[in-house]
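>>> quick one, what's the 3D model for this:
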Amino acid sequence: MKKITGLWPVVFLLAGWMQLAQAATPGRPAVLISIVIDDMGKRMETGQRVLALPGQVACAFLPRAKHTHKLAERANRQGHEVLLHLPMESVDGRPLDAGAVTLAMTENEFVRTVLDDLGRVPHASGVNNHMGSLLTRHPGHMRWLMEAMQQRGPLFFVDSRTTKATVALQLAEENGIPATRRNVFLDDSMDPEAITLQFHRLIALAREQGSALAIGHPYPQTLAVLEKQLPQLARQGVQLVSVRELIERQQEDVKTWQAYWSPSHRGSKNSKPSL
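Numbers count the residues shown, from 1 in each chain. Reported below is the predicted structural model:
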């Protein structure tokens with residue numbers, strides 16, 4: 001048997017302790033998920049179908065899409081979280097949606113574009129990236145994004161992770177922006193069976209970690225799967241929550257972990273009782 005060395009024993013211990021801590025905490029569900037539907041605003045019919053989904057499905061709107069303003073207003077009235085789906089430059093040179101930020105921009109151009117985009121999405125409470133496999137790997141530009149968000153705060157950020165080289169989540173955390181990351185893409189394949197498998201993968205990751213976030217798109221196949229699967233969540237002990245609530249839960253878990261491993265806590269555990 002291969003010997004486990006380095007940090008792996010600590011990782012395994014921490015994972016087990018976190019699951020125990022989550023299960024033992026009264027008054028809150030142990031398993032939370034969030035779902036963000038990207039590319040909103042292009043089509044009214046599919047947008048309305050997204051808004052009819054049960055539960056707190058978040059809606060990420062392209063800033064200059066034809067139906068963004070009207071659908072974002074409706075989403076807010078119907079209790080859906082609204083995000084700016086910020087177009088960003090990608091490594092493959094795909095055509096950019098209007099309102100995109102690029103590597104060639106100056107800081108002033110970049111910040112001005114982000115603020116203008118935020119102004120075009122009513123009730124936006126967060127931002128996630130549309131494409132961005134090039135831009136999200138550049139710390140300077142991601143710092144500009146977080147500073148622009150601070151001007152319009154309080155906003156949260158979701159790193160869509162369109163590249164493994166992304167530093168967007170790290171820069172959000174360094175700049176005090178509440179943030180999380182995408183764990184699952186629901187519809188890289190538009191085959192309904194593949195989408196269903198990805199939905200079940202989301203649930204499995206949430207059970208393992210305590211929470212998980214998925215991103216999907218307003219494709220008919222994706223919406224059909226969600227219309228079938230979302231009403232079954234309660235019976236599975238899973239709760240669909242807003243992205244902001246998911247982030248708050250994740251931050252609570254980090255604070256709990258930090259408190260557990262603090263020197264004072266370790267000292268109190270290891271101290272001998274007085275006689």
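>>> might you list the low-confidence residue ranges for this structure?
The chain contains residues with pLDDT under 70 at 1-29, 256-275.
>>> hmm, 80 instead?
Applying pLDDT under 80 to the chain flags residues 1-30, 254-275.
>>> residue ranges of the strands in it, please?
32-40, 58-61, 82-88, 124-131, 156-159, 179-181, 184-185, 211-216, 239-240 (DSSP state E).
>>> who's I37 bridged to?
When bridges are assigned using DSSP bridges, the partners listed for I37 are C59, G216.
>>> contacting residues for it?
Listed by CB atoms under 8 Å, 6 or more residues apart in numbering, the contact set of I37 reads 50, 57-60, 215-218, 222. Any C-beta I mention is one placed from the backbone N, CA and C, and that applies to glycine too.
>>> swap in P122?
Contacts of P122 were listed using CB under 8 Å, 6+ apart, and they are 69, 72-73, 76, 82.
>>> mind redoing it with 6 Å?
When contacts are counted by CB atoms under 6 Å, 6 or more residues apart in numbering, P122 touches 72-73.
>>> count of neighbours near the residue lying closest to K42 once chain neighbours are set aside?
With sequence-adjacent residues excluded and distances taken as CB to CB, 6 or more residues apart in numbering, K42 is closest to A65, at 4.9 Å. Residues lying near A65 (other CB atoms under 10 Å) number 22.
>>> check M88 too.
26.
>>> and it, what are its bridge partners?
Listed by DSSP bridges, the beta-bridge partners for M88 are V101, M131.
>>> do I have it right that it meets S133?
No: with contact defined as CB atoms under 6 Å, M88 does not reach S133; the gap is 8.2 Å.
>>> now the helices for the stretch 101-250 of the chain?
107-119, 139-152, 168-174, 192-209, 220-229, 243-260 (DSSP state H, counting those that start in this stretch).
>>> dump those helices to JSON lines, plus distance to D159.
Output for those, formatted as JSON lines (distance: least, CB to CB, whole Å):
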{"stretch": "helix 107-119", "distance to D159": "16"}
{"stretch": "helix 139-152", "distance to D159": "9"}
{"stretch": "helix 168-174", "distance to D159": "4"}
{"stretch": "helix 192-209", "distance to D159": "16"}
{"stretch": "helix 220-229", "distance to D159": "21"}
{"stretch": "helix 243-260", "distance to D159": "12"}
